[in-house]
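Engineer: next one to model:
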Amino acid sequence: MRGVGWEMYDLQPGYYVGTTEAIPELDIPGQHFFDASGGFRTIFPELVGTVSCWPSMLALASTFDPSIVESFAGALATEFKGKGANGILGPGVNVNRVARNGRNFEYISGEDPYLGSKMAAAYVTGVQNEGVMTVTKHYALNHEEAKRDSGSSNADDKTVWELYYPPFQAAIDAGTTAAMCSYNKEDEVYSCSNEKTLQSMKVGMGFQGFVQSDWWATHETSVAQGLDQMQPNALCCEENEDGELDKSFKGEDWFNDTQLDAVSEAAIDASATRVLAAMYKVGIKSNVCEPPYCNETLLTMVTNDDHAFMAREAAKEAIVMLKNEDVLPLSPAKVKTLAIIGSAAAALAFNPNNPNQGSLDWATGDYYAGGGSGHVTAPYVITPLEGISNRALLDGIVVLNSTSDNFTEAIEIAKQADVTIVVGGTSSGESRDRESLSLDNYADALISAVSYTGTKVVVLTQTCGAITMPWRDDVSAVLSLFLGGQETGNAWADVLFGAHSPTGHLPIMIPATDEDQILPSASDSIVYAEGMATSYRNKNFKAAYPFGHGLAYTTFEYGKFQSHSCGDDVCVVGKITNVGERSAQATPQVYLEFPIEAEFPAPVLKGFQKTDLVYPGASAKITFRLTNRDLSYFDGLLEDGYSPKWTKVKRAVAHVGASSADIRQTVSVEVSAGAEMLV
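Structural biologist: Prediction:
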């Protein structure tokens, strides 16, 4: 029920980030958890080069493809197992609320609970099929970093159950072994002490696994409220206001023997049972080593060529083409000279353990992986400059470059090119929020300056989340990748030169201006006054590019869609036809408009389907299967105060289209057995 292996904020050699001690006399192995959702954290300098740097969780969300997530998760689990870890501190599933949140890149839900639910379930399945535990995090309303230790996220029951809880519920339904409570408060009570939120998971969602604290997020011996495991061992010590060492800082004493002896035996048994059940569920019977004797195991080489290939495939699937005015794909018939501009085009990976890279700031990210506990220093990086240049040279295209961010030099080089690619980036990290939604190093101004030359400009963005794009009307094409990992440059090349028609879709809204977002709070009491009206669900927000948007190198035409009963569910069925000249995939989406009594601010995503490759002139059948839960809305809590009541509607309207703002068909949905029901 408590972790070991840390002294102050330093993980000791031979230990895992989350370690529990083995009990050999009972044949109980220790738990060996490691960060994080998107890769094996390179917390020790000698780990760099032994693990893969995968696309971020937000990038994976852009694929709108649970099968990709499940395959990635399985490969990730093998890397963790190879290092002697039997648990992953992930997936991160929080639905984004604040665009400038420093950890948005870690969350596979993007801004939507339905998307997050499908992706979270796939992640849990992929990892646990390999015999590795998952810890779904950060439960529940951890949406800002600057206020995470002091702020209270205050949201009503409908908002949390409709918008923020569904990915956790989906992970639980998929069998996640553990969940991590977060640093922040909810309704003025710390998350890891909050009986209502913790029991909403255990009772309301039917969670059978154990609740683990985020690191040093324990504020009392809250076993009775629902906390099963405190991580890690305590800090000792910081000075209090009187200059004395405060041994209770962040919970040194909360889960010691004395405190736990005061907890009822039934509560202790319940927690211990949950912890053991999680281990037995995935088949953990022994470990190859037990800390502190795991140094050699931790140094095992677990990255390989197969994983590098998978990282490249996932990254190219995650690229979202937002705009294309007949400039892409690139070919020698259209382009003789190509310019590549911007410091982000040649940026290196950041290693927080390298004193030659600046401040040694653990929370600094780069343009391939975000910062903090989710950071993986890439074993190598294929930069955009390298990947695109290598591919261009195969076609005999001359490549010029300027990576100094010097405006004069960039303009002169752009004037010599048929097409100019400008790469802009921004990253973020744990423990702080972003200062703005602008690109780094004045890249917004650089893009504008280059666009004035009259050359065709293609903008590639490598970002940790939403940005503003004040230059979007002045350029010929815009493509986005949310931190694509070690194979970023090769993925760009695959898409830009047409080897892969873009398949990514926005898991977030790209705001038109700084006003079209929810800002981090200046108060410690953070009221979610907007309710469900975030992202595309807020009609007052203007999007530069809407949630779900993503273009391909062809055009799809939507045929007539109809709805009918299919067993206990309702199916919305139709077809789409490739009316362009290139083979491509599409991802039609359905947004359900509920009747007024449901009190939804807008139609909400309730289905998406990524097609196989559709050839020119061919069609693909699309079926959206709407379940009872999809057709129900939150209608209060049951008498226990933890369990939700869901009411099924009698009718709804299905909006079928290519994004939340590009609706091609509306279909009336008549729901059989529409009387009130519990789901």
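
Engineer: in this protein, where's the longest strand?
Structural biologist: What stands out as the longest strand in the chain, according to DSSP state E, is strand 569-578.

Engineer: what's the following helix or strand after that strand?
Structural biologist: Going down the chain from strand 569-578, the next helix or strand is strand 589-593, by DSSP states H and E.

Engineer: how far does the longest strand of the chain sit from its chain's centre?
Structural biologist: 28 Å (Cα atoms, centre = their mean, to the nearest Å).

Engineer: show me how the record splits this protein into domains.
Structural biologist: As recorded under automatic domain parsing, the domains making up the chain are 6-298, 312-545, 556-670.

Engineer: straight-line length of the shortest one, end to end?
Structural biologist: Going back to what we said before, that points to domain 556-670. Using Cα to Cα, to the nearest Å, one end of domain 556-670 lies 28 Å from the other.

Engineer: what secondary structure does the residue nearest to Met57 when sequence neighbours are not counted sit in?
Structural biologist: Counting by Cβ to Cβ, 6 or more residues apart in numbering, Met57 lies nearest to Ile108, which is 4.2 Å off, once chain neighbours are set aside. C-betas here are computed from N, CA, C, even on glycine. Secondary structure assignment for Ile108 (DSSP: H, G, I helix; E, B strand; the rest coil): coil.

Engineer: check Ile108 and give its pLDDT.
Structural biologist: The model reports Ile108 with a pLDDT of 98.

Engineer: quick one: it from Thr364, how far?
Structural biologist: Distance of Ile108 to Thr364, given as Cβ to Cβ, to the nearest Å: 22 Å.

Engineer: do a quick rundown of the helices in the stretch 51-200 of the chain.
Structural biologist: For the stretch 51-200 of the chain, the helices defined by DSSP state H, counting those that start in this stretch occupy 57-62, 66-82, 113-128, 157-159, 166-173, 195-199.

Engineer: for Thr303, find the nearest of the ones you listed.
Structural biologist: In terms of Cβ to Cβ, the element of these nearest to Thr303 is helix 66-82, at 6.9 Å.

Engineer: buried residues in stretch 619-629?
Structural biologist: Ser619, Ala620, Ile622, Phe624, Leu626, Asn628 (16 or more other Cβ atoms under 10 Å).

Engineer: closest one of those to Leu227?
Structural biologist: Closest to Leu227, out of all of the buried residues of stretch 619-629 and judged by Cβ to Cβ, is Asn628, at 32.6 Å.

Engineer: Tyr367 contacts Gly425, correct?
Structural biologist: Yes: in this structure, Tyr367 is within contact of Gly425 by Cβ atoms under 8 Å, at 4.0 Å.

Engineer: would you state the strands of the stretch 1-150 of the chain in chain order?
Structural biologist: 6-7, 10-11, 18-19, 32-34, 87-88, 133-139 (DSSP state E, counting those that start in this stretch).

Engineer: quick one: the last one to chain centroid distance?
Structural biologist: Read that as strand 133-139. For strand 133-139, the distance to the chain centre is 13 Å (Cα atoms, centre = their mean).

Engineer: where in the stretch 251-400 of the chain is pLDDT low?
Structural biologist: Residues of the stretch 251-400 of the chain meeting the criterion pLDDT under 70: 251-252, 358-359.

Engineer: among the helices of the stretch 51-200 of the chain, which comes closest to Gln585?
Structural biologist: Judging the helices of the stretch 51-200 of the chain by Cβ to Cβ, what sits closest to Gln585 is helix 66-82, at 11.9 Å.

Engineer: buried set for stretch 46-56?
Structural biologist: Applying 16+ other Cβ under 10 Å to stretch 46-56 flags Leu47, Val48, Thr50, Val51, Ser52, Cys53, Trp54, Pro55, Ser56 as buried.

Engineer: now the residues you listed in TSV, with distance to Gly82?
Structural biologist: Listed next are the buried residues of stretch 46-56 as TSV, based on distance: Cβ to Cβ, whole Å:
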residue	distance to Gly82
Leu47	12
Val48	16
Thr50	9
Val51	9
Ser52	11
Cys53	16
Trp54	15
Pro55	20
Ser56	22
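
Engineer: turn those residues into CSV, including pLDDT and distance to Phe80.
Structural biologist: Compiled in CSV, the buried residues of stretch 46-56 are given as follows (pLDDT from 0 to 100; distance: Cβ to Cβ, whole Å):
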residue, pLDDT, distance to Phe80
Leu47, 97, 12
Val48, 97, 16
Thr50, 98, 12
Val51, 98, 9
Ser52, 98, 11
Cys53, 98, 15
Trp54, 98, 12
Pro55, 98, 17
Ser56, 98, 17
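
Engineer: the more surrounded of Ile108 and Thr364?
Structural biologist: Ile108 (28 against 19; other Cβ atoms under 10 Å).

Engineer: returning to that earlier point: now the longest strand of the chain: buried residues?
Structural biologist: Counting neighbours by 16+ other Cβ under 10 Å, the buried set in strand 569-578 is Asp569, Val570, Cys571, Val572, Val573, Gly574, Ile576, Thr577, Asn578.

Engineer: now, which of the residues you listed sits nearest Ala658?
Structural biologist: Ile576 (9.1 Å).

Engineer: how far away is the closest one from Phe350?
Structural biologist: 42 Å.

Engineer: same check, this time on Thr666
Structural biologist: 47 Å.

Engineer: with Asp149 instead?
Structural biologist: 25 Å.

Engineer: still on that earlier bit, just give me the closest of the buried residues of stretch 619-629 to Ser404.
Structural biologist: Once Cβ to Cβ is applied, the member of the buried residues of stretch 619-629 that ends up nearest Ser404 is Ala620, at 46.3 Å.

Engineer: contact partners for the spatially closest residue to the closest one that is not a sequence neighbour?
Structural biologist: Counting by Cβ to Cβ, 6+ apart, Ala620 lies nearest to Thr611, which is 4.2 Å off, once chain neighbours are set aside. Applying Cβ atoms under 8 Å, 6 or more residues apart in numbering to Thr611 gives the contacts Ile576, Gln585, Ala586, Thr587, Pro588, Ala620, Ile622.

Engineer: Thr611 is in what secondary structure piece?
Structural biologist: Assigned by DSSP H and E, Thr611 falls outside every helix and strand.

Engineer: mind listing what the helix or strand Val669 falls within pairs with, with the direction of each?
Structural biologist: Per DSSP H and E: Val669 is located in strand 663-670. Here strand 663-670 has these sheet partners by DSSP bridges: strand 651-657 (antiparallel).

Engineer: the partner strand versus strand 589-593: what angle between them?
Structural biologist: 150 degrees (axes from the mean of the first three to the mean of the last three Cα atoms, to 10 degrees).

Engineer: hmm, who's touching strand 651-657?
Structural biologist: Outside strand 651-657, the residues that reach it (Cβ under 8 Å, 6+ apart) are 558, 561, 563, 572, 574, 588-595, 603, 606, 622, 624, 626, 631, 663-671, 674.
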